[in-house]
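K.L.:
Sharing a sequence plus its predicted fold:
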Amino acid sequence: MTRRVIKYLQVPRTERDDAWRERFFRAIPTAALVVGSPQLLTGPDGFEYVVLRTPKPPQRFAPRTLAQISIECTSRGRGAVLDPEPGSAAWVFRYGDLWSLRAHGGFVGDGVEPLEAQVIPSGRRRLQRETEFLVGAPSAHLFPSWARRVVGSYLRSHMGVRDPRVALVMDFAMRPTRSLAFNVYRDDQEDAAAFDLAMQRLASWYLPPGLGILSLGRDSDGSLQTKL
């Protein structure tokens, strides 16, 4: 798999279509990689990444795979970056990508959502009062305990939520149909722009494909019973 990954990365970026991505994503989880030195870097987005590099023959190294690294990263709130150079990288894996890999063995979430919904969520959404939807507790399969701890830490440190809670909202008129709602409200924030940015970062970096984020409104606070 390592040779395949190296071969795929030699393809110019302008020629990397959906078929290329599919082949790359099949190969990269079990390819033998080198943990960088230094091991960690902070990206321009402010998030922390484990540095991974493709081996250079005849280099001797202790092989690690992305599948193995994903366990550590998803427990500690980190992403992973492959072959980073000043201003660029061969590939960047968000926390949500590694969440998907660890929980489901690939990079498209749990496969429940239709293919057109397998996109990275871009920000928060708000349900309208007339919308019919289902609210419940997210399962451990959908929202694993290790991801709950990481997301809960983000809500405490970046959004000032002392006792973060979550609910699963299902609305079959939306894509994706499943979203997480947290007990954090725009009206409580002194800086609305900073709040919107924090929510966007939560949605676009932490969540796996096929899972959205939305705001229920304070009148639905009783639905948020699951602690993080």
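P.N.:
Alright, I've got the coordinates.

K.L.:
Please make it C-alpha for all contacts and neighbour counts, starting now.
P.N.:
Fine.

K.L.:
Apart from its neighbours in sequence, what residue is nearest residue 207?
P.N.:
Nearest non-adjacent residue to residue 207, counting by C-alpha to C-alpha, 6 or more residues apart in numbering: residue 96, 4.4 Å away.

K.L.:
One more: residue 62?
P.N.:
Leaving aside its sequence neighbours, residue 62 sits nearest to residue 34 (C-alpha to C-alpha, 6+ apart; 6.9 Å).

K.L.:
Helix, strand or coil: sort out that neighbour for me.
P.N.:
strand (DSSP: H, G, I helix; E, B strand; the rest coil).

K.L.:
which residue ranges form the helices in the chain?
P.N.:
Secondary structure of the chain (DSSP state H): helices at 2-9, 18-27, 66-76, 95-104, 145-159, 192-201.

K.L.:
would JSON lines of those helices with mean pLDDT, distance to residue 214 and mean neighbour count be doable?
P.N.:
Compiled in JSON lines, these are given as follows (pLDDT from 0 to 100; distance: least, C-alpha to C-alpha, whole Å; neighbours: other C-alpha atoms under 10 Å):
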{"stretch": "helix 2-9", "mean pLDDT": "92", "distance to residue 214": "36", "mean neighbour count": "16"}
{"stretch": "helix 18-27", "mean pLDDT": "95", "distance to residue 214": "29", "mean neighbour count": "14"}
{"stretch": "helix 66-76", "mean pLDDT": "97", "distance to residue 214": "22", "mean neighbour count": "19"}
{"stretch": "helix 95-104", "mean pLDDT": "97", "distance to residue 214": "17", "mean neighbour count": "24"}
{"stretch": "helix 145-159", "mean pLDDT": "95", "distance to residue 214": "14", "mean neighbour count": "17"}
{"stretch": "helix 192-201", "mean pLDDT": "87", "distance to residue 214": "9", "mean neighbour count": "16"}
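
K.L.:
now these as CSV including distance to residue 47?
P.N.:
Output for the helices of the chain, formatted as CSV (distance: least, C-alpha to C-alpha, whole Å):
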stretch, distance to residue 47
helix 2-9, 24
helix 18-27, 22
helix 66-76, 11
helix 95-104, 9
helix 145-159, 11
helix 192-201, 10
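
K.L.:
Out of the ones you listed, which gets nearest to residue 134?
P.N.:
For residue 134, the closest of the helices of the chain is helix 145-159, at 20.7 Å, according to C-alpha to C-alpha.

K.L.:
can you give me the offset of that closest one from its chain's centre?
P.N.:
The chain centroid and the centroid of helix 145-159 are separated by 13 Å under C-alpha atoms, centre = their mean, to the nearest Å.

K.L.:
Contacts only, for residue 77.
P.N.:
Going by C-alpha atoms under 8 Å, 6 or more residues apart in numbering, residue 77 touches 48, 95, 150.

K.L.:
Apart from its neighbours in sequence, what residue is nearest residue 8?
P.N.:
Closest to residue 8 by C-alpha to C-alpha, 6+ apart is residue 24, at 6.6 Å.
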